[in-house]
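Student: Sequence first, then the predicted structure:
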Amino acid sequence: MNLDPTADQRLFQSTTREFLAKSVPVEAVRALAEAGRGFDRAWWRKGAELGWTAPLVPERFGGGSVSEAPMADLALVAVEFGRACAPGPLTTTSAVISGLVLEQDRFADLLAEIVGGETVAVWAHYEPGRGLEPRDADTTAVPDGDGFRISGIKDRVESGDQADIFLVDAHGPDGPVQVLIRADAPGVSVAPTWTLDVVRRTAQVSCTDVAVGADAVVQRDPAEATAAMRTQLRVAAALTAAEMTGATDRAFEMTMRWMFDRYTFGRQLASFQALKHRVADYKTWLEACHATAWAAANAFADDPTAAAEAVSVAKSYIGATAPGIVQECVQLHGGIGVTWEHDMHLYLRRVTLGRALYGTPGEHRRLLTDLMERNAA
Amino acid sequence: MTDGTAANDVESVDSFRDRARRWLEDNLPPAPPNQLGETSKSAAAWTRAKELQRILYDGGFAGICFPKEYGGLGLTPTHQRAFSEESRDYEMPLALNIPTLTICAATILDMGSEEQKRTHISAVLRGEELLVQFLSEPRGGSDLAGLTTRADRKGDSWVLNGAKIWSSGAYAADYALCLARTDWDVPKHAGLTMFLVPVRTPGVTVQQITQVDGSREFCQEFFDDVVLPADAVVGQVNGGWETANRQLFHERSAVGGASPYSSGIQSHSGRDVSGLVDLARRTGQLADPRVREDIGEARALNMVHDQLIARITHGIGSGALPPAAGSIVRLFSAQNSWLQADMAVRIAGASAATGTTADDAGFGQAGQDYLMRQAWSLAGGSTEMARNIISERVLGMPREFAADRDIPFNQVEHGH
């Protein structure tokens, strides 16, 4: 994605790529899919040791970034996840971390556990039938002593069936609040939902009068809760965009190889101008995906409005473009491209899920117009 | 620098930007409303562009990336970008960017003689010369090296005969970079020479061509025994293809919006989407979620375009991408301009095609722009050529068969 990473970023990226190639080759991904398991917890702890959970976390809690740009570091990992069709809760965990670090000292122990990979914390944001539009959650937070009692249903919860703890967006008496709920707390039930991706899975999480103590309330102030959700959404959307770029990059690479290896009418597929011209388009769009994903990851150092705009640009463009490129890669493979045995569908699944989560192209385009109007006012 | 050596004392970009901001405020009028959307230029508009260029020159802000010895400032593309950003709200000589500054002067800087550089680059920067390109010919489009305009040596001079076409702004130009065939007994690329031709000289006839939107920017030229001196050659005799390649490289950079020699916010294919917001408001659709999606998409594409320019420029500079990757920007810019034109037509609805009064002008512009939509994928080399370059020189796919390869040009089949 970045044509010119720092030496440390390069090492971080190549270490991740090698580890993924060795630990979750495509056969392993397929086996996890067939076994109905999204990811292996011991494997995730090893990834945490490599630093996947560390960039957004200050060093005093066990984290640390290899560069001055933590989101750029993470985006490089996300690209590798996309290229490998890797399992694991990279995006959703990062979103949770980005919320918890806003409250740094209060959640030091939990952050350390997440950074170490011992605890898997995921974000429960979406609600059934709802998109991204900012509207109060239907999930209610009723005051109960210093804490709340939470009731409601969350869906599209990434890795929900393998999580230890949920960061839940709910609606309190004064507006949005965010609370932590343990997966084994009384009143919580988790049901896996079908998801196009084979290993990046989702679940529905239902809460019925779940008691949350004061120590598990992350955001009590509505304005701060809203700001935190926006930050989490930006992190999740930027990483999803980077992951989709990686998946598309790999699908395109496989397709180029196929076009050089495959002969028809006595010529390489790569020699037909009708195909060359199409591939030139895909290469152009793919470079644009890299450019905009990288710009979004690096925009986190800018002011929140600029970061929000860069992320929506990237997520809308890549969300609309990447699945189209991978579809064309399938087409260029011919019949073999639509078989279960061929790996192309794994990438198509990955980018199709990526398009849907954390804002569809349409949702992010509308956000961009909102931003333009706000800036013009 | 602690020793204060003048040679190393490059002004910081921030300081340059501050100085530019103050100078612009004091010296240039506000931008006219159509500054970026202008498609047709009157004689008065060219005169005004030259005046503005002279003001820039006198103020010490002309040719920021051109070397000092030729009248420029010898600063970096980052300085130029800072100045261009600051100049957004002021009237600027944007008409001089393509092709005078970004293509022709840049090519002379790379390939010209010392004399040509000193004479023409500084004249351009002072606002005294307009340069254009004489490349395409009536009989050939993308097969540029297959041209048949000829220059024959006569003693110390050359005699030019033939015709060129699609030369933007030639009617107002002072000089043109003209590629002609000087040897017919060698394969096509080996027999070409680039000349710097004075446009207003005996034997040159310039005719304006009316385009589909009514503008008359394009020209065709006829050469009847035009006599050129020996020092009109740019680069080497029969080495014209090398010069042309450099020129085409600058053309692709310029058309894609990536040229460091461009001064002021470029009217590269993308445009300010506030026009779309205005169309939506005037047609009562600004609250329609689908229209808001269209506007957001157009906004996103413009930003992606800029981000892609940054990535590709940086990649070529660092060697991570081959120079041919410039064609990626060129192709994207054309696709972006289609999308921008399509969005305007979609939002304007029937008003893009028919109306009653002058206050419909904005809607009509959407229709006119739509008629000219393809111009961005033809000007500066067709997008089909860009796709060939990307597939062959960036992705390494096999080259297309060419029936004229390695054959002396006078033996090549030309059709009728």
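Tutor: Alright, I've got the coordinates.
Student: Give me the neighbour count for the residue in the stretch 1-150 of chain A that chain B sits nearest to.
Tutor: For the stretch 1-150 of chain A and chain B, the shortest gap (Cβ to the nearest Cβ) falls at A:Leu3, measuring 4.2 Å. Every C-beta, even on glycine, is put in place using the N, C-alpha and C of the backbone. Burial of A:Leu3 is recorded as 18 neighbouring residues (other Cβ atoms under 10 Å in any protein chain shown).
Student: Equivalent analysis for B:Ala334, please.
Tutor: B:Ala334, neighbours per other Cβ under 10 Å, totals 25.
Student: Tell me the spacing between it and chain A.
Tutor: For B:Ala334, the distance to chain A equals 10 Å [Cβ to the nearest Cβ, to the nearest Å].
Student: go on, B:Asn302?
Tutor: Distance from B:Asn302 to chain A, by Cβ to the nearest Cβ: 9 Å.
Student: Next up, phi/psi of the closest residue to A:Ser312 other than its chain neighbours, please.
Tutor: Distance criterion Cβ to Cβ, 6 or more residues apart in numbering or on different chains; nearest residue to A:Ser312, sequence neighbours excluded, is A:His364 at 4.1 Å. Taking degrees, to the nearest 10, you get phi -70, psi -30 for the backbone angles of A:His364.
Student: Now do the same for stretch A:157-172: mean pLDDT, whole number.
Tutor: Average pLDDT, stretch A:157-172: 97.
Student: Can you give me the end-to-end span of that stretch?
Tutor: For stretch A:157-172, the separation between the terminal residues is 21 Å (Cα to Cα, to the nearest Å).
Student: How about stretch B:98-111?
Tutor: End residues of stretch B:98-111 are separated by 18 Å (Cα to Cα).
Student: Shouldn't A:Ala141 be within a strand?
Tutor: Yes - remark: A:Ala141 belongs to a strand, assigned using DSSP: H, G, I helix; E, B strand; the rest coil.
Student: Identify the bridge partners of it.
Tutor: Residues in a beta bridge with A:Ala141, per DSSP bridges, are A:Ile150.
Student: list the contacts for residue 158?
Tutor: Picked chain A for this. A:Pro89, A:Thr91, A:Thr92, A:Val122, A:Trp123, A:Arg200, A:Arg201, A:Thr202, A:Leu357 (Cβ atoms under 8 Å, 6 or more residues apart in numbering or on different chains).
Student: not what I meant, chain B
Tutor: Listed by Cβ under 8 Å, 6+ apart, the contact partners of B:Trp158 are B:Ala151, B:Asp152, B:Thr182, B:Phe195, B:Val227, B:Leu228, B:Pro229, B:Ala230, B:Ala232, B:Val233.
Student: Could you tell me how far it is located from B:Leu144?
Tutor: 20 Å (Cβ to Cβ, to the nearest Å).
Student: and if you look at B:Trp166?
Tutor: Remark: distance between B:Trp166 and B:Leu144 (Cβ to Cβ) = 11 Å.
Student: Same check on A:Ala75?
Tutor: Taken as Cβ to Cβ, the span from A:Ala75 to B:Leu144 is 41 Å.
Student: Can you pull the phi/psi pair for residue 138?
Tutor: No chain in the question, so chain A it is. Dihedral pair for A:Asp138: phi -80, psi -20, per degrees, to the nearest 10.
Student: And A:Ala75 and B:Leu144? Which one has more around it.
Tutor: Neighbours were counted for A:Ala75 and for B:Leu144 using other Cβ under 10 Å; A:Ala75 has more, 31 against 20.
Student: Dump the helix or strand harbouring the more buried one to CSV, keeping only the CA atoms.
Tutor: Assigned by DSSP states H and E, A:Ala75 falls within helix A:70-84. Provided in CSV are the C-alpha atoms of helix A:70-84 (Å, rounded to 0.1, in the frame of the first residue of the first chain):
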residue,chain,number,x,y,z
PRO,A,70,0.2,4.2,14.6
MET,A,71,-2.8,3.9,12.2
ALA,A,72,-0.4,3.6,9.3
ASP,A,73,1.4,0.8,11.0
LEU,A,74,-1.9,-1.0,11.6
ALA,A,75,-3.1,-0.4,8.1
LEU,A,76,0.0,-2.2,6.8
VAL,A,77,-1.0,-5.2,9.0
ALA,A,78,-4.5,-4.9,7.7
VAL,A,79,-3.3,-5.0,4.1
GLU,A,80,-1.4,-8.3,4.9
PHE,A,81,-4.6,-9.7,6.5
GLY,A,82,-6.4,-8.9,3.3
ARG,A,83,-3.7,-10.5,1.1
ALA,A,84,-3.8,-13.7,3.2
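Student: Count the residues that sit near B:Glu413.
Tutor: By other Cβ under 10 Å, neighbour count at B:Glu413 equals 7.
Student: did I read that right, it in a helix?
Tutor: No - applying three-state DSSP, one finds B:Glu413 to be coil, outside a helix.
Student: Contacts only, for it.
Tutor: Contact partners of B:Glu413, counting by Cβ under 8 Å, 6+ apart, are B:Ala403, B:Asp404.
Student: Tell me who's in contact with the closest residue to B:Phe223 other than its chain neighbours.
Tutor: Nearest non-adjacent residue to B:Phe223, counting by Cβ to Cβ, 6+ apart: B:Leu160, 4.6 Å away. Applying Cβ under 8 Å, 6+ apart, we find B:Leu160 in contact with B:149-151, B:178, B:180, B:195, B:197, B:203, B:223, B:225-228.
Student: distance of the residue of the stretch 1-150 of chain A closest to chain B from A:Arg10?
Tutor: Counting by Cβ to Cβ, the gap from A:Leu3 to A:Arg10 is 11 Å.
Student: For chain B, which residue gets nearest to chain A?
Tutor: Taking Cβ to the nearest Cβ, chain A has its nearest neighbour within chain B at B:Gly296, 3.0 Å off.
Student: Spatially, what comes nearest to that residue if we skip its sequence neighbours?
Tutor: Leaving aside its chain neighbours, B:Gly296 sits nearest to A:Arg365 (3.0 Å; criterion: Cβ to Cβ, 6+ apart).
Student: Over to the one you found. Which of the three states is it?
Tutor: What three-state DSSP gives for A:Arg365 is helix.
Student: what about it, how many neighbours?
Tutor: When neighbours are defined as other Cβ under 10 Å, A:Arg365 has 29 of them.
Student: For B:Tyr175, give the beta-bridge partners.
Tutor: Counting by DSSP bridges, B:Tyr175 forms beta bridges with B:Leu131, B:Pro198.
Student: quick one: pLDDT of it?
Tutor: pLDDT at B:Tyr175 comes out at 98.
Student: do B:Ala375 as well
Tutor: For B:Ala375, the predicted pLDDT is 87.
Student: wait, A:Val218 sits on A:Ser98?
Tutor: No - using Cβ atoms under 8 Å, A:Val218 is not in contact with A:Ser98; the gap is 11.6 Å.
Student: Span of stretch B:83-102 from start to end?
Tutor: For stretch B:83-102, the end-to-end distance is 16 Å (Cα to Cα).
Student: What's the mean pLDDT across it?
Tutor: Average pLDDT, stretch B:83-102: 93.
Student: ok, now stretch A:365-372?
Tutor: Averaging pLDDT along stretch A:365-372 yields 95.
Student: List the buried residues in that stretch.
Tutor: A:Arg365, A:Arg366, A:Leu367, A:Leu368, A:Thr369, A:Leu371, A:Met372 (16 or more other Cβ atoms under 10 Å in any protein chain shown).
Student: Just give me how far that stretch sits from the chain centre.
Tutor: Stretch A:365-372 sits 21 Å away from the centroid of its parent chain (Cα atoms, centre = their mean, to the nearest Å).
Student: ok, now stretch B:273-287?
Tutor: With Cα atoms, centre = their mean, you get 30 Å for stretch B:273-287.
Student: In chain B, where's the longest helix?
Tutor: helix B:289-318 (DSSP state H).
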